[in-house]
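> Structure of the sequence below:
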Amino acid sequence: MSEGELFPEPGWAGASGHVALPEAAPGSVADRLLVAETIARYGWAYDERDRAALAACFTPDGVWQGIIMGRDHVEPIHGADAIAAWLAGFWPAQIDQRRHVFSNIVVGEPDGGEVLAYAYLVLLSSHDRTTTPVSAGPYRFTLRRTDRGLWRIARLAAGFDAPF
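Residues are numbered from 1 along each chain as shown. Model (predicted):
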């Protein structure tokens, strides 16, 4: 990084291909709410250290991957149970209470039983009577409809604006 270079560069998510907002689509309000709930459940499951609930947010063949500031990639993790185990592996080192706060959820039009959604994450840490931000960034979700009409995460691409 050279002197004066912005890091992260504003707009990195779009420039790197991490974000490409879908056209506004009428879609079903129920589907949009169920997609948003699945995203929220992912955050709740992580924060409450509920490994089973975390795995249940994903399809059995789900994929979790990450990108930091458009430059550094976190290799994909494959399979709901493997994703939950990998994420749970961070818990012993995190003595703080994490809070994944998702906002600005944008949901595309379902296509063939899948839908693309984006959300901003603000990750907070509470420890020793203080709450501080840890990171923020754009998350991209591909969700698949189950035979019960619910949505599960088939692919999560987590984006982080700063190292965590």
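
> And the helix or strand bottoming out on mean pLDDT in the chain, what's buried?
In the chain, the helix or strand scored least confidently by mean pLDDT, DSSP states H and E is helix 12-15, which has a mean of 90. Residues of helix 12-15 classed as buried: 12-13 (neighbour count, 16 or more other Cβ atoms under 10 Å). C-beta: built from backbone N, CA, C; applies to glycine.

> Now the element after it, going C-ward?
Next along the chain after helix 12-15, taking DSSP states H and E as the criterion, comes helix 29-47.

> Give me the distance from that next one to the chain's centre.
Its chain's C-alpha centre and that of helix 29-47 lie 10 Å apart, by Cα atoms, centre = their mean, to the nearest Å.

> Pull out the buried residues from it.
Neighbour-count burial for helix 29-47, counted by 16+ other Cβ under 10 Å, picks out 31-32, 34-36, 38-43, 45-47.

> Can you add pLDDT and distance to residue 135 and give those residues back as JSON lines?
JSON lines is the format used below for these (pLDDT from 0 to 100; distance: Cβ to Cβ, whole Å):
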{"residue": "31", "pLDDT": "90", "distance to residue 135": "29"}
{"residue": "32", "pLDDT": "91", "distance to residue 135": "26"}
{"residue": "34", "pLDDT": "94", "distance to residue 135": "27"}
{"residue": "35", "pLDDT": "96", "distance to residue 135": "23"}
{"residue": "36", "pLDDT": "97", "distance to residue 135": "21"}
{"residue": "38", "pLDDT": "98", "distance to residue 135": "21"}
{"residue": "39", "pLDDT": "98", "distance to residue 135": "17"}
{"residue": "40", "pLDDT": "98", "distance to residue 135": "18"}
{"residue": "41", "pLDDT": "98", "distance to residue 135": "20"}
{"residue": "42", "pLDDT": "98", "distance to residue 135": "16"}
{"residue": "43", "pLDDT": "98", "distance to residue 135": "13"}
{"residue": "45", "pLDDT": "98", "distance to residue 135": "18"}
{"residue": "46", "pLDDT": "98", "distance to residue 135": "13"}
{"residue": "47", "pLDDT": "98", "distance to residue 135": "14"}
